[in-house]
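Participant: what's the 3D shape of this:
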Amino acid sequence: MDMIAEAAGVSKPVLYQHFDSKQDLYLALIDSSAALLDSRLAEALGSTTDPHEQVHATYRAYFDFVVSHREEFVIIFNSDVYEPKAEQKLRALRESSATRVVSALKNFARLSDDEAQLLCRALIGTAEVVVKQIDSQRGVDVDTAVELLTQMSWGGLRSFADR
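Facilitator: Alright, predicted model coming up:
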């Protein structure tokens, strides 16, 4: 809490006026970070009705969040979650994002709920793995990653349009 107070430019007592504990601060950070990411993904999916552009815009929004809000990304995806309330909040973020992607998939192709859920999890999981790959091996930049993922995902998703 001392380091957080110093970074925020406030005293520790001021920090404790707003948060009773480290856990409360952590949960507030999750709420704030999750809301920001969720709004960015919602905006990307709603930015166009063209499915190919939706795929690109959503990957772009996700990767832009990772790059420009690195600390928040770490809080959401890379922290050890042993706190049940934190785990619940992170699960809610994933479900909210998944619900939007499933809806977009079902608007694009005749998929059952289970099929759309499966494809959604594959898309989200792929993005999460690629972000970690970029972190550990800087051989591919974010713009290239977005283009590659869009091309790969759209190549597969396009095949469902005629279903």
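Participant: rest of the way, CA atoms for contacts and neighbours
Facilitator: OK.
Participant: spatially nearest residue to residue 154, not counting backbone neighbours?
Facilitator: residue 52 (6.2 Å; Cα to Cα, 6 or more residues apart in numbering).
Participant: can you count the residues close to the one you found?
Facilitator: 17 (other Cα atoms under 10 Å).
Participant: with residue 24 instead?
Facilitator: Neighbours around residue 24, by other Cα under 10 Å: 15.
Participant: secondary structure element for it?
Facilitator: Taking DSSP states H and E as the criterion, residue 24 maps to helix 22-46.
Participant: downstream neighbour of that helix in the secondary structure list?
Facilitator: helix 51-68.
Participant: so for that following helix, what gets flagged as buried?
Facilitator: Of the residues in helix 51-68, 51-66 count as buried by neighbour count, 16 or more other Cα atoms under 10 Å.
Participant: give the helix, strand or coil label for residue 10.
Facilitator: coil (DSSP: H, G, I helix; E, B strand; the rest coil).
Participant: same question but for residue 111, I mixed them up
Facilitator: The assignment at residue 111 comes out as coil when based on three-state DSSP.
Participant: excluding its backbone neighbours, what's nearest it?
Facilitator: Nearest to residue 111 is residue 105, by Cα to Cα, 6+ apart, at 7.6 Å.
Participant: got a list of what that neighbour touches?
Facilitator: Residue 105 sits next to 111, 116, 120 when contact means Cα atoms under 8 Å, 6 or more residues apart in numbering.
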